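*Asks:* could you look at this predicted model? Sequence included:
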Amino acid sequence: MGTLHIFPQLITFFVISVLIFQNHPSNAFFFHCNPHLPVLGRPIHPTDVELLQFALNLEYLETEWFLNGALGYGLDTVEPRLAGGGPVPLGARAARLDNVTREIIAEFGYQEVGHLRAIKSTVGGFPRPLIDLRAHVFAKIMDSAFGYNLDPPFNPYHSTINYLIASYLIPYVGLVGYVGASPNINGYVSKGLLAGLLAVESGQDAVIRTFLYQRANEIVLPYKNLTVADFTTHISRLRNQLGSCGNKDEGILVDRSSGAERRTSSNVLSADGNSVAYRRTPAEILRIVYGTGDESRPGGFLPRGGGGTIATDMVRFRLKFHLN
C-alpha cells in the first residue's frame with residue numbers, strides 16, 4: 001500500500017523534471033557528470049598559451065627529478081615523445097631511498113608525466129630544455145643558502161633525508177608560479193587545467209614538507225650542527241633573496257608570530273598572514289630556478305635557459321642590450 005501511495009508522486013516528479021529539462025537547457029548540468037560550461041568566454045584565450053607553456057619548464061624539471069630519483073630513469077624511458085627530442089638531463093640518477101619514499105616519489109614522477117601531457121595537449125609546448133641535476137648543482141645551492149661551503153658538499157642522492165631536502169627546492173616554486181599565473185588566465189578550459197595542476201603540485205609539496213616536519217629536529221649527517229628545519233629555513237631565505245620580491249617563502253618551523261593566526265610554530269603549509277598561498281611571477285621563478293637572481297641570466301637547473309616565449313624573450317632582452 002505504501003508503494004502504491006507514493007507512485008503518483010514519483011510520476012509527477014518525473015514529468016516535471018522532463019519539462020524543466022526541455023524548457024530550460026541550461027539546467028541540463030543537473031543530469032550529467034560534466035560541469036556546466038560558461039555561456040560566455042573562450043575555452044582558451046590567446047594570452048593563456050604562453051603562461052601555461054611557461055609552466056612546462058618546471059614540469060620537465062620535476063618529471064626528471066622524481067622519475068630518476070625513484071627509478072633511475074626518466075622521461076626518455078617512460079614517455080619519450082613528451083621530451084620532444086630535447087637533450088638528456090645531466091647527472092640525473094637514482095637516490096638511496098627507503099621503500100615507502102621511493103614509492104611516493106615514483107608516483108610523483110608519473111604524475112608529472114601526466115602534467116606534461118595535459119599542458120601539451122591543451123596549449124602545445126616545446127622540447128625539454130637542458131636540465132642539470134648533477135649533485136654539484138645542489139651542493140652549490142646549499143652553500144649559497146648557508147653562506148659557506150658545506151663539508152662534505154651536499155649530495156641529494158646520498159640518503160632519503162637528503163633527497164627530501166633537495167625535493168623541498170622544486171615543487172613549491174611551481175606551486176607559487178601557478179598561483180601567480182591564475183589572475184592572468186582567462187579561458188575556462190585554461191582555468192580548469194591550471195586549477196587541476198595547482199591542486200596536485202600543492203599536494204606534492206605538502207607531502208614533502210610533512211615528511212620533513214616529522215624529522216624537523218633531526219641532525220642531517222654528517223653536518224653535526226644542522227637540522228632538517230635549518231635546511232628548510234635557509235633554502236627559503238635564499239629563494240626570497242633570489243626572487244627579489246619580498247617574503248614569499250618560509251621553512252617548516254617559524255616563530256609563532258609568523259605561524260597560522262599567530263598561534264603555531266609549525267609551518268607544514270607555507271602561506272601568508274591569512275593562510276593564502278603566496279604567488280610569484282615568471283621572472284621570479286626564473287631568478288630562483290637559474291640560481292642567479294636574474295631572469296635573463298640562465299644557470300642552475302636550466303643552464304641554457306628555459307623554453308617557451310616568456311623565458312626566451314627574457315634572455316633575448318639581455319643579449320639585445322648587451323647586459324653583463
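*Replies:* Sure thing, it's come through.
*Asks:* what about the lengthiest helix in the chain, distance to the chain center?
*Replies:* The longest helix of the chain (DSSP state H) is helix 188-214. Remark: helix 188-214 is offset 6 Å from the chain centroid, using C-alpha atoms, centre = their mean, to the nearest Å.
*Asks:* can you list the buried residues in the helix or strand that that helix is followed by?
*Replies:* With elements assigned by DSSP states H and E, the helix or strand that comes after helix 188-214 is helix 228-243. Neighbour counts using 16 or more other C-beta atoms under 10 Å place 228-240, 242-243 of helix 228-243 among the buried residues. C-beta: built from backbone N, CA, C; applies to glycine.
*Asks:* helix or strand right after helix 228-243?
*Replies:* Sequence order places helix 282-290 as the next helix or strand after helix 228-243, per DSSP H and E.
*Asks:* counting contacts, what elements does whatever helix or strand comes next after that next one pack onto?
*Replies:* Note on helix 282-290: by DSSP H and E, the next helix or strand toward the C-terminus is helix 308-320. Here helix 308-320 touches helix 46-54, helix 56-71, helix 282-290, going by 3 or more C-beta pairs under 8 Å, 6 or more residues apart in numbering; DSSP states H and E.
*Asks:* switch those helices over to TSV, and while doing so, append distance to Lys224 to every line.
*Replies:* Compiled in TSV, the helices and strands packed on helix 308-320 are given as follows (distance: least, C-beta to C-beta, whole Å):
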stretch	distance to Lys224
helix 46-54	41
helix 56-71	26
helix 282-290	29
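*Asks:* which stretches of the chain have low pLDDT?
*Replies:* Counting by pLDDT under 70, the chain shows low-confidence ranges at 1-32, 34-35, 39-40, 318-324.
*Asks:* in it, which residue is most central in space?
*Replies:* Gly174 (3.2 Å; C-alpha atoms, centre = their mean).
*Asks:* surely that one is in contact with Glu62?
*Replies:* Yes. Between Gly174 and Glu62 there is a contact at 6.6 Å, judged by C-beta atoms under 8 Å.
*Asks:* got the CA coordinates for stretch 281-298 in CSV?
*Replies:* What follows is stretch 281-298, C-alpha atoms only, in CSV (Å, rounded to 0.1, in the frame of the first residue of the first chain):
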residue,chain,number,x,y,z
THR,A,281,55.7,35.9,-11.5
PRO,A,282,57.6,34.0,-14.3
ALA,A,283,60.5,36.4,-13.7
GLU,A,284,60.7,35.5,-10.1
ILE,A,285,60.5,31.8,-10.9
LEU,A,286,63.4,32.0,-13.4
ARG,A,287,65.6,34.0,-10.9
ILE,A,288,65.2,31.1,-8.4
VAL,A,289,65.5,28.2,-10.8
TYR,A,290,68.5,29.7,-12.5
GLY,A,291,70.1,30.4,-9.1
THR,A,292,71.4,33.7,-10.5
GLY,A,293,68.7,36.1,-9.2
ASP,A,294,68.4,37.4,-12.7
GLU,A,295,65.6,36.1,-15.0
SER,A,296,67.8,36.9,-18.1
ARG,A,297,70.9,35.0,-16.9
PRO,A,298,70.5,31.2,-17.1
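*Asks:* contacts for that stretch?
*Replies:* Defining contact as C-beta atoms under 8 Å, 6 or more residues apart in numbering, one finds that stretch 281-298 is touched by 51, 54, 57-58, 61, 137, 140-141, 144, 173-174, 176-177, 180-181, 239, 241-245, 248, 280, 299-302, 304-306, 310-311, 314-315, 317-318, 323.
*Asks:* separate out the buried members of the residues you listed.
*Replies:* Among the contacts of stretch 281-298, those classed as buried by 16+ other C-beta under 10 Å are 51, 54, 57-58, 61, 137, 140-141, 144, 173-174, 176-177, 180-181, 239, 242-243, 248, 280, 299-302, 305-306, 310-311, 314-315.
*Asks:* name the nearest residue to Thr264, ignoring sequence neighbours.
*Replies:* The shortest distance from Thr264 to any residue other than its chain neighbours is 6.7 Å, reached at Arg256 (C-beta to C-beta, 6 or more residues apart in numbering).
*Asks:* next one: Tyr60
*Replies:* Once flanking residues are discounted, Tyr60 sits nearest to Arg128: 4.8 Å by C-beta to C-beta, 6+ apart.
*Asks:* check Val254 too.
*Replies:* Nearest residue to Val254, sequence neighbours excluded (C-beta to C-beta, 6+ apart): Asn267, at 4.6 Å.
*Asks:* do Val315 as well
*Replies:* Among residues not flanking Val315 along the chain, Gly305 sits closest, at 5.0 Å (C-beta to C-beta, 6+ apart).
*Asks:* so what's the one you found up against?
*Replies:* 129, 290, 298, 311-312, 315.
*Asks:* closest to Gly114 out of those?
*Replies:* Of all the contacts of Gly305, Pro129 has the smallest distance to Gly114: 19.6 Å, by C-beta to C-beta.
*Asks:* follow-up on the earlier one: ok, the buried residues of helix 228-243 vs Ala206, which is closest?
*Replies:* The closest of the buried residues of helix 228-243, once distances to Ala206 are taken by C-beta to C-beta, is Thr232, at 13.6 Å.
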